[in-house]
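> Give me coordinates for this.
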Amino acid sequence: NIGLIEVMGLAVLPARLSTEMAELKSALLSGESVRDNSKIAHHADWAEELLRRHPELSAENAEDIIRAEVGEVFLRVLLDAGVFKRTEEGKAAFKRFIDRIVNLT
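Below is the predicted model of the structure:
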């Protein structure tokens, strides 16, 4: 469920998620099992993928990497929520919609 602010491209994270990302960062840097931490276990699959994509994760870059990866998830949500998908079929449907609007007058 996304709102107008999100559609405009501003991701406002709930406080809960900010807290969970701090906990996740700590777990990843310490080598703690994310799956065994009840506060963040629901992020385990995503965290494992993050580690696969970023073997260079360190104390110096963890904050930036996690922020960028959260942004990637947000982008996928926006793409999935679009009425006209960014596919050939979606672009054709958007063109038909615009053509119909233009021809109303």
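> Every contact and neighbour count from this point should use C-alpha atoms.
Noted.
> In the chain, where is pLDDT below threshold?
1-10, 105 (pLDDT under 70).
> Just the helices from it, written as ranges.
Remark: helices assigned in the chain by DSSP state H are 4-7, 15-30, 44-53, 62-81, 88-102.
> who touches residue 25 in this structure?
62, 63, 66 (CA atoms under 8 Å, 6 or more residues apart in numbering).
> please redo it, this time with the cut-off set to 6 Å
The contact partners of residue 25, by CA atoms under 6 Å, 6 or more residues apart in numbering, come to none.
> Roughly how far does the spatially most central residue of the chain sit from residue 95?
In the chain, the centroid-proximal residue (CA atoms, centre = their mean) is residue 73; its distance is 1.5 Å. Distance of residue 73 to residue 95, computed by CA to CA, to the nearest Å: 28 Å.
> Same question for residue 43.
From residue 43 to residue 95 the distance is 39 Å (CA to CA).
> Tell me how many other residues surround the nearest residue to residue 24 once chain neighbours are set aside.
Residue nearest to residue 24 in three dimensions, not counting chain neighbours: residue 40, with 6.5 Å by CA to CA, 6 or more residues apart in numbering. For residue 40, the count of nearby residues is 20 (other CA atoms under 10 Å).
> How much space separates residue 40 from residue 17?
Taking CA to CA, one finds residue 40 at 10 Å from residue 17.
> One more: residue 27?
15 Å.
> give me phi/psi at residue 39?
Dihedral pair for residue 39: phi -70, psi -30, per degrees, to the nearest 10.
> Which residue, other than its chain neighbours, is closest to it?
Excluding the flanking residues, the one nearest residue 39 by CA to CA, 6+ apart is residue 20, at 7.0 Å.
> Could you check how many residues crowd around the one you found?
For residue 20, using other CA under 10 Å, the count is 15.
> ditto for residue 55
Around residue 55 there are 8 residues (other CA under 10 Å).
> With the one 5 residues further on instead?
Counted by other CA under 10 Å, the residues lying close to residue 60 total 8.
> Could you report the separation of it from residue 66?
12 Å.
> Repeat that for residue 21.
Distance of residue 21 to residue 66, computed by CA to CA: 8 Å.
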